[in-house]
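>>> Whatever this is, show me its structure:
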Amino acid sequence: MTDLQTIFNSESELVAAALALGAENAGGSLTAGELALVKEAGVAPKGAVVTLLKDLIRAGKDPLGDIFSTLRSSETRREHGATYTPAPIVQTMVDWAASTRNPVRIVDPGVGSARFLMRAAAAFPKAELVGIDIDPLAALLARANLAAAGFADRSRIILGDYRRFSDRVDGSTLYIGNPPYVRHHQIAPKWKEWLAIEASKLGLSASKLAGLHVYFFLATARNAKPKDYGTFITASEWLDVNYGAIVRTLMLGALGGKSVTVIDPNAQPFPDAATTAAIATFEIGAKPTSVYFQRVDDLDKLGELGKGRKIHRDRLSTESRWSHLTHITEKPPEGYVELGELCRVHRGTVTGANGVWIAGEHSAGLPDSVLFPTVTRAREVLEAGGLLHDPKRLRCVIDIPTDLDELDNADRKAVTKFLKIARRMGGDKGYVASHRKAWWSVGLRAAAPIISTYMARRPPGFVINRAEARHINIAHGLYPREELSEDAKKALVDYLSVNITQRSGRTYAGGLTKFEPREMERLIVPGPALLVAGAAR
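This next block holds a predicted model:
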């Protein structure tokens, strides 16, 4: 494949290769967008190159998609949600579909180069093949692959938006693919309105913060009919985040969810996006008493979908987050406990306006009594080597008492002067300030004996807080339920720093791993006796 990738230097040359493979003869008439690319096509590749491409395609490879992924950067493709799925995952999803029933039609909502349609076409030799995509180059590549593989006569490629697709057929439809992952910031207001309207038709509410993959789940639930079925692979965020609640509800209702398989980011489910993936399977009209959950950390261990831990629907309907259900809860080893038995974990205080409440030139003259050394950057924990000891290296957060009468005259005069500046900076505006007892009182928590990071492209960092520093919402505070000796705290921090991996948290698109307080409390750590013994050694 490397040799082929060096042959093609531009997308126009890739268009020429697609045409040489028969793109114009598969999937129906070319659209205006595709014809515009054809008009600018480069020089046709040599016959030997076309023959090699055909041989690779007929052997189940996707040379066109691989070349496309090289020519167009991952950053550019991610803007449109164009992340191509590795063959082992595609085959596993097709195998599940083949074990369920024979469809008369297969629909891939974000067809790309037709990886899913190609594998499904081989598994279902009589089914109509329908691929939809908004990218004219992707559409041409899909046509070329289908033509080269001999599936042209039963394929239809649509250059358009899946949310507008509403065709129905007699018989069962298989919906399969990798719906595009696009964050809500890039979704037009008219489509956010569409999401709200279509959700309301099903008696549901939808968040405007939802990513594009959520729209595709909803569009499928809207269009599908009983006995239709499907499997989608997406980023796993919908399992836990608030905007994913509509997908969770659809899985328990209109979609008829059957299983969820989570693939750890270490397995690289999406080669150019370090994120956790979730494969959902569903069957319209089905109401299974339980849904299967499983987690894999290696694509070689992916196995069959629809296996794993059975979770009753009633429990799922009361759970606000689902990803933890993919972890098999094992009894801790002798002497080990959940971190939550030793410590309460609390997220840091939200200031609502760091530019106002983190001290700087604008706060000159404030008394020390309202200035608190505070962890305000994750790197302050990560670079501390397990021990935070010098408060002078930290910035201060301004935390003024709710009752200004607690201040002496000189301090109150300085604070009153500052509050005028804070108002001009908008410190009294916004949701957080408006919901505080007094807009000027940030309300920092007491200093936590141990402080941890909770979101990074790496496992969390932990430090003993000898500096008596406070922390804002870039960190968590660990507050022992019973007093721990300094040696025991050091042993605990040393253990957490070495033994906790990203897998224990939630990994989002882009590779960020997040640990919510309750998730951190479920971490398995040595109990008090082992901590003391370990410290003694």
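>>> Residue 147: how many residues sit nearby?
Counted with other CB atoms under 10 Å, the neighbours of residue 147 add up to 23. Bear in mind the C-beta positions are built from the backbone N, C-alpha and C, glycine included.
>>> my bad, residue 323
By the measure other CB under 10 Å, the count of residues near residue 323 is 22.
>>> Nearest spatial neighbour of residue 91, chain-adjacent residues omitted?
Leaving aside its chain neighbours, residue 91 sits nearest to residue 119 (5.8 Å; criterion: CB to CB, 6 or more residues apart in numbering).
>>> show me the contacts for the one you found.
Taking CB atoms under 8 Å, 6 or more residues apart in numbering as the criterion, residue 119 is in contact with 60, 87, 90-91, 94.
>>> Need those in TSV (columns: distance to residue 303).
Written out in TSV, the entries for the contacts of residue 119 read as follows (distance: CB to CB, whole Å):
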residue	distance to residue 303
60	20
87	16
90	15
91	12
94	14
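>>> What about those, which are in helices?
The helices, defined by DSSP state H, take in 87, 90-91, 94 from the contacts of residue 119.
>>> Write the PyMOL selection for whichever of those residues are buried.
Applied in PyMOL, the following selects the buried portion of these according to 16 or more other CB atoms under 10 Å:
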select buried, resi 90+91+94
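>>> and which of the ones in helices among the contacts of residue 119 is nearest residue 310?
Within these, the smallest distance to residue 310 is 24.0 Å, found for residue 94 (CB to CB).
>>> Residue 176 is in contact with that closest one, correct?
Yes. With contacts defined as CB atoms under 8 Å, residue 94 counts as touching residue 176 at a distance of 7.1 Å.
>>> Common neighbours of the two, please.
The contact sets of residue 94 and residue 176 overlap at 116, 120 (CB under 8 Å, 6+ apart).
>>> thinking again about what came up before, over to the residue nearest to residue 91. Which of the three states is it?
Reduced to three states with DSSP: H, G, I helix; E, B strand; the rest coil, the structure at residue 119 is helix.
>>> quick one, helices of the stretch 51-200 of the chain?
When assigned using DSSP state H, counting those that start in this stretch, the helices of the stretch 51-200 of the chain occupy the ranges 63-71, 74-79, 87-100, 115-123, 136-149, 189-201.
>>> Point out where the stretch 201-350 of the chain drops to low pLDDT.
Per-residue confidence of the stretch 201-350 of the chain (counting by pLDDT under 70) places the weak regions at 271-274, 328-330.
>>> any low-confidence regions in the stretch 401-537 of the chain?
Scanning the stretch 401-537 of the chain for pLDDT under 70 picks out the ranges 502-511, 535-537.
>>> Show the residue spans covered by the strands in it.
Remark: strands assigned in the stretch 401-537 of the chain by DSSP state E, counting those that start in this stretch are 450-453, 455-456, 462-465, 470-471, 475-480, 506-507, 513-514, 524-526.
>>> now for those, which one comes closest to residue 249?
Proximity of the strands of the stretch 401-537 of the chain to residue 249 was assessed by CB to CB; the nearest stretch is strand 506-507, lying at 19.6 Å.
>>> Near the nearest residue to residue 520 once chain neighbours are set aside, how many other residues are there?
For residue 520, the nearest residue in space outside its immediate sequence neighbours is residue 345; the separation is 4.8 Å by CB to CB, 6+ apart. By the measure other CB under 10 Å, the count of residues near residue 345 is 23.
>>> quick one: residue 345 and residue 451, what's the gap?
In this view, residue 345 and residue 451 are 11 Å apart by CB to CB, to the nearest Å.
>>> overlap in contacts of the two?
With contacts taken as CB under 8 Å, 6+ apart, the residues that reach both residue 345 and residue 451 are 476-478.
>>> tell me, which helix in this structure spans the most residues?
For the chain, the longest helix by residue count, based on DSSP H, is helix 409-424.
>>> buried stuff in that one?
Residues of helix 409-424 classed as buried: 411-412, 414-415, 418-419, 422 (neighbour count, 16+ other CB under 10 Å).
>>> Stretch 428-439 now?
428, 433, 439.
>>> now swap in stretch 339-350 and tell me
Under the neighbour-count criterion of 16+ other CB under 10 Å, stretch 339-350 has 339-340, 342-343, 345, 347-349 buried.
>>> quick revisit: would you mind giving the buried residues of stretch 428-439 as TSV with distance to residue 311 added?
Conversion of the buried residues of stretch 428-439 to TSV gives the following (distance: CB to CB, whole Å):
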residue	distance to residue 311
428	46
433	41
439	44
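>>> is it true that residue 260 touches residue 291?
Yes. Under the criterion of CB under 8 Å, residue 260 lies in contact with residue 291, with a separation of 6.6 Å.
>>> of the two, who's got more company?
Neighbours of residue 260 and residue 291, each counted by other CB under 10 Å, are more numerous for residue 260; the result is 29 against 26.
>>> elements contacting the helix or strand in which that one is found?
For residue 260, the enclosing helix or strand under DSSP states H and E is strand 257-263. When contacts are defined as 3 or more CB pairs under 8 Å, 6 or more residues apart in numbering; DSSP states H and E, strand 257-263 packs onto helix 245-252, strand 277-283, strand 290-296.
>>> tell me the most buried of those?
Mean neighbour counts were compared across the helices and strands packed on strand 257-263 using mean count of other CB atoms under 10 Å; the top stretch is strand 277-283, at a mean of 25.
>>> I'd like to know which of the buried residues of helix 409-424 is nearest to residue 321.
The closest of the buried residues of helix 409-424 to residue 321 turns out to be residue 422 (CB to CB; 36.4 Å).
>>> My understanding was that the closest one contacts residue 355; is that so?
No. At 10.2 Å, residue 422 does not count as touching residue 355 under the criterion of CB under 8 Å.
>>> Indicate which one of the strands of the stretch 401-537 of the chain is closest to residue 203.
Nearest of the strands of the stretch 401-537 of the chain (CB to CB): strand 506-507, 28.6 Å.
>>> From residue 452, how far out is the residue nearest to residue 524 when sequence neighbours are not counted?
Counting by CB to CB, 6+ apart, residue 524 lies nearest to residue 332, which is 4.9 Å off, once chain neighbours are set aside. Per CB to CB, residue 332 is found 20 Å from residue 452.
>>> between those two, which one's more packed in?
The residue with the greater number of neighbours, taking residue 332 and residue 452 and applying other CB under 10 Å, is residue 452; the counts read 24 against 14.
>>> Please look at that one and residue 464 and confirm they touch.
No. With contact defined as CB under 8 Å, residue 452 does not reach residue 464; the gap is 10.9 Å.
>>> What is the neighbour count of residue 389?
14.
>>> My error: substitute residue 497 in the last question.
16.
>>> so who does it touch?
The contact partners of residue 497, taken as CB under 8 Å, 6+ apart, are 386, 461-462.
>>> so where do the strands sit in the stretch 201-350 of the chain?
Assigned by DSSP E, counting those that start in this stretch, the strands in the stretch 201-350 of the chain fall at 229-235, 257-263, 277-283, 290-296, 309-312, 336-338, 343-347.
>>> now for the fifth one, which elements pack on it?
For strand 309-312, the elements it packs on are strand 290-296, judged by 3+ CB pairs under 8 Å, 6+ apart.
>>> circling back to that earlier point, for the longest helix of the chain, output the C-alpha coordinates as PDB.
What follows is the C-alpha trace of helix 409-424 in PDB, where atoms were taken according to Å, rounded to 0.1, in the frame of the first residue of the first chain:
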ATOM      1  CA  ASN A 409     -12.300  48.400  58.100                       C
ATOM      2  CA  ALA A 410      -9.000  48.500  56.100                       C
ATOM      3  CA  ASP A 411      -9.700  45.100  54.500                       C
ATOM      4  CA  ARG A 412     -13.300  46.000  53.600                       C
ATOM      5  CA  LYS A 413     -12.200  49.200  52.000                       C
ATOM      6  CA  ALA A 414      -9.700  47.300  49.800                       C
ATOM      7  CA  VAL A 415     -12.300  44.700  48.900                       C
ATOM      8  CA  THR A 416     -15.000  47.300  48.100                       C
ATOM      9  CA  LYS A 417     -12.600  48.900  45.700                       C
ATOM     10  CA  PHE A 418     -11.900  45.600  44.100                       C
ATOM     11  CA  LEU A 419     -15.600  44.700  43.700                       C
ATOM     12  CA  LYS A 420     -16.100  47.800  41.600                       C
ATOM     13  CA  ILE A 421     -13.400  46.500  39.300                       C
ATOM     14  CA  ALA A 422     -14.800  43.000  39.400                       C
ATOM     15  CA  ARG A 423     -18.200  44.300  38.300                       C
ATOM     16  CA  ARG A 424     -16.700  46.100  35.300                       C
END
